[in-house]
Structures are given as C-alpha cells and as structure tokens.
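Peer 1: A predicted structure for the sequence below; I have some questions about it.
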Amino acid sequence: MNNPACALTIAGTDPSGGAGIQADLKTFQELQVYGMSVITSVVAQNTTGVKSVHHLPLDMLSQQLEAVSSDMPVHAFKTGMIADIGMMEIIRDWIKEIHVPYVMDPVMIATSGDALINENARDFLREHLVPLAALVTPNISEAEDMVGERIRSHEDMKNAARKIVHTLGAGAALVKGGHMEGQAVDYLYDGEFMYTYTSERIETKNIHGTGCTYSAAITAFLSRGMELPEAVEKSKTFVTAAIRHSFSLGQGNGPTNHWGIRKEESIYDFHDHS
Ligand SMILES: Nc1ncnc2c1ncn2[C@@H]1O[C@H](COP(=O)(O)OP(=O)(O)OP(=O)(O)O)[C@@H](O)[C@H]1O
Ligand SMILES: Cc1ncc(CO)c(N)n1
C-alpha cells in the first residue's frame, strides 16, 4: 500500500477523543485510509459537554487547507463543525477547486446539547455548502432545521431526505434516526433511489461522537472508490459496532469504540478493498 487512499476531515476538536477531528482520524486509521485533518475550532469539551471554544484565525484555516492540497492527494473529504460564515466562505472557495467526493456532517449541537454553530451561519451552510456536497448526513434535528419542518415519522425522514436533494441541491442525503424511537433506521436518498439501513437499538448512553464516526467512515470508504450505497452500508455496520462496544468513560455520554468493528469478525472483509 504505497499509494493509500487519502481522506481529509475539516472539523473542530475534542480533546477527550470521542468526537470531532479525533474521532475522524481514529476512524480513517481503523479503515486503513491515510487520514489528514484541518482544524476549524479548538473545543474544550469532554463527555459532559462543551466548556469553551476558540475559533482559529481565518488565515490559519486557509493556510492549513493550502498546506494539504498543495502537497497531498485528497480522494474524499468531510466537514464537521464549521462555526461561522467567515470559515464557511473559505471552505466553500476551497471546495470549488477540488473535485472529489464531499461528505457534509452538518454539525449544529453536540450530544450534550451545546451549540457548535452560530445561529446566523445555518442559512449560509444550507445555501452555499449543501449544494456542493455529494452527501449530507443530518440527524433528525439537523434535518428539521434544514427543511424547516418537524420530523415525527419515518415518512417525514424520507421526505426530508428528498427535499435536501431536490430543493437544497445536495447530491444525496442520509437522514439518521438515532434519535427516533425503536430500531435505529437511517434513510439514504441519492436523487433516484431510497435506501434503508436498519440496526437494533443498543441501550447505552455512550453515544458521544456517533455522527462524526459515521460520516468519517463513509468518507473513508468513498476515498477508496466505493459507491455511496455500499459505503453507507459498511459504515452503518462500523458505527453500530462502535456503539455496541462503546466505553463507559467519563461522567457524561461516553465515547464510541473506534475499534469495536474488530470484535465482530463478520466484517473483517472491510480490509479487502484496497
Ligand atoms: N442507541 C443506538 N443504537 C444503535 N444505533 C444508534 C443508536 N444511536 C444512534 N445510532 C445510529 O448511529 C448513527 C449516528 O446517528 P445519530 O442520529 O446518533 O447521529 P448524530 O446525532 O449526528 O450523532 P452525534 O450525537 O455525534 O451528533 C446512525 O446510524 C444511528 O442510527
Ligand atoms: C468538534 C465537535 N464536532 C462534532 C461534535 C458532535 O458530536 C462534537 N461534540 N464536537
């Protein structure tokens, strides 16, 4: 593997290691993809919540993006926390120059309930970044925010996915049902077909970083050239294992286990794809 698949995450940090950049890099590594990261904001947070946030100066964001793309291959990338419009503008301009799959995790609030994006930046995200994304991965409340409608049923989830593609202009939408009752069901709509991904609900409070881990896994598989429906299917298996084997660390919502997949032999075929 002298020419590995290369994936980049553009996101905020989590020093407690469960979410953000740290979750993304652990996931890339686990899926044998060369991982790179550009930091938007340094976040003092742990399993109990966000303590404070420091946004990097805008020219540091530009310089990090330039340092990566002037030197390294990027086969797919994701964005997570992008707190304000200034950062979004820089990232938008960079994306327009790079023609590889873009996975947007529209991070708005942490598992703990703390806001990670400025109120006025939500419209910019929807209008200027969503249309550039190959895939957008909202949870229920993020999808509600994007389409401006309440989501109460599986039918509502599917309609939101359709709207994110046909009205907002994303290439595809994955509406995640982790916060619904019953089984954990996600819907992927790619403009043509609706795909359903279902797993059992695991009774645990240790779900810090599930969304980051899921979108990072999808990015990793896309960087290896996999088609989107299969990339989501394998990533669903990956994140479910990460939740099933999650850790009771910290005093709040513990982190997922990024090597949980290794405990479930059936999916060792992950590693056959490069
Ligand atoms: N308790 C659970 N059991 C099984 N699967 C779950 C559970 N909670 C979430 N999931 C799954 O985990 C994935 C992430 O979904 P979720 O809706 O939790 O994302 P999120 O809210 O963006 O995550 P985060 O809390 O990191 O922001 C989805 O596939 C979802 O179905
Ligand atoms: C930096 C960051 N991104 C995303 C999340 C969502 O879990 C978080 N808690 N922190």
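Peer 2: Sure thing, it's come through. Ligands and ions are numbered 1, 2, ... in the order given.

Peer 1: Look at Ile10 and give its secondary structure.
Peer 2: strand (DSSP: H, G, I helix; E, B strand; the rest coil).

Peer 1: Could you do Phe77 as well?
Peer 2: Look at Phe77: counting by three-state DSSP, its state is strand.

Peer 1: so what's it closest to, chain neighbours aside?
Peer 2: Counting by CB to CB, 6 or more residues apart in numbering, Phe77 lies nearest to Leu8, which is 4.0 Å off, once chain neighbours are set aside. C-betas here are computed from N, CA, C, even on glycine.

Peer 1: Give me the mean pLDDT for the biggest helix by length in the chain.
Peer 2: Criterion DSSP state H: the longest helix present in the chain is helix 228-244. Helix 228-244 shows a mean pLDDT of 98.

Peer 1: Can you give me the neighbour number for Gly113?
Peer 2: Neighbours of Gly113 under the rule other CB atoms under 10 Å: 8.

Peer 1: Now name the helix or strand holding the residue most central in space within the chain.
Peer 2: By CA atoms, centre = their mean, the mean C-alpha position of the chain lies nearest to Ser215, the distance being 3.1 Å. Using DSSP states H and E, Ser215 falls within helix 210-223.

Peer 1: Could you name the helices and strands sitting against that helix?
Peer 2: Applying 3 or more CB pairs under 8 Å, 6 or more residues apart in numbering; DSSP states H and E, one finds that helix 210-223 contacts strand 6-11, helix 20-30, strand 76-79, strand 102-104, strand 173-176, helix 228-244.

Peer 1: Please report how far Lys51 lies from ligand 1.
Peer 2: 18 Å (CB to the nearest ligand atom, to the nearest Å).

Peer 1: How about that residue: what's its closest non-neighbour residue?
Peer 2: Of all residues not flanking Lys51 in the chain, Ala44 sits nearest, at 4.2 Å (CB to CB, 6+ apart).

Peer 1: Okay, now the unreliable bits of the stretch 51-200 of the chain?
Peer 2: The model of the stretch 51-200 of the chain has no residue with pLDDT under 70.

Peer 1: Can you tell me how far the residue of it found nearest ligand 1 is from Thr210?
Peer 2: Nearest residue of the stretch 51-200 of the chain to ligand 1, counting by CB to the nearest ligand atom: Gly178, 2.6 Å away. Distance check for Gly178 against Thr210: by CB to CB, to the nearest Å, it reads 6 Å.

Peer 1: between those two, who's got more neighbours?
Peer 2: Thr210 (25 against 18).

Peer 1: who's Asn46 bridged to?
Peer 2: Judged by DSSP bridges, the bridge partners of Asn46 are Gly49.

Peer 1: what about the helices in the stretch 1-150 of the chain?
Peer 2: Using DSSP state H, counting those that start in this stretch, the helices found in the stretch 1-150 of the chain span residues 20-30, 58-69, 85-95, 121-124, 140-147.

Peer 1: before we move on, the earlier item: next, the residue of the stretch 51-200 of the chain closest to ligand 1: secondary structure please.
Peer 2: coil.

Peer 1: I figured it was touching Tyr197, is that so?
Peer 2: No. Using CB atoms under 8 Å, Gly178 is not in contact with Tyr197; the gap is 11.5 Å.

Peer 1: which bits of the stretch 1-150 of the chain sit near ligand 2?
Peer 2: 11-14, 19-20, 43, 45, 80-81, 107, 110-111, 116 (CB under 6 Å from any ligand atom).

Peer 1: can you rerun that using 5 Å?
Peer 2: Counting by CB under 5 Å from any ligand atom, the stretch 1-150 of the chain comes close to ligand 2 at 12, 14, 19-20, 43, 80-81, 107, 110.

Peer 1: what about Gln63, neighbour count?
Peer 2: Quick note: Gln63 (other CB under 10 Å) scores 13 neighbours.
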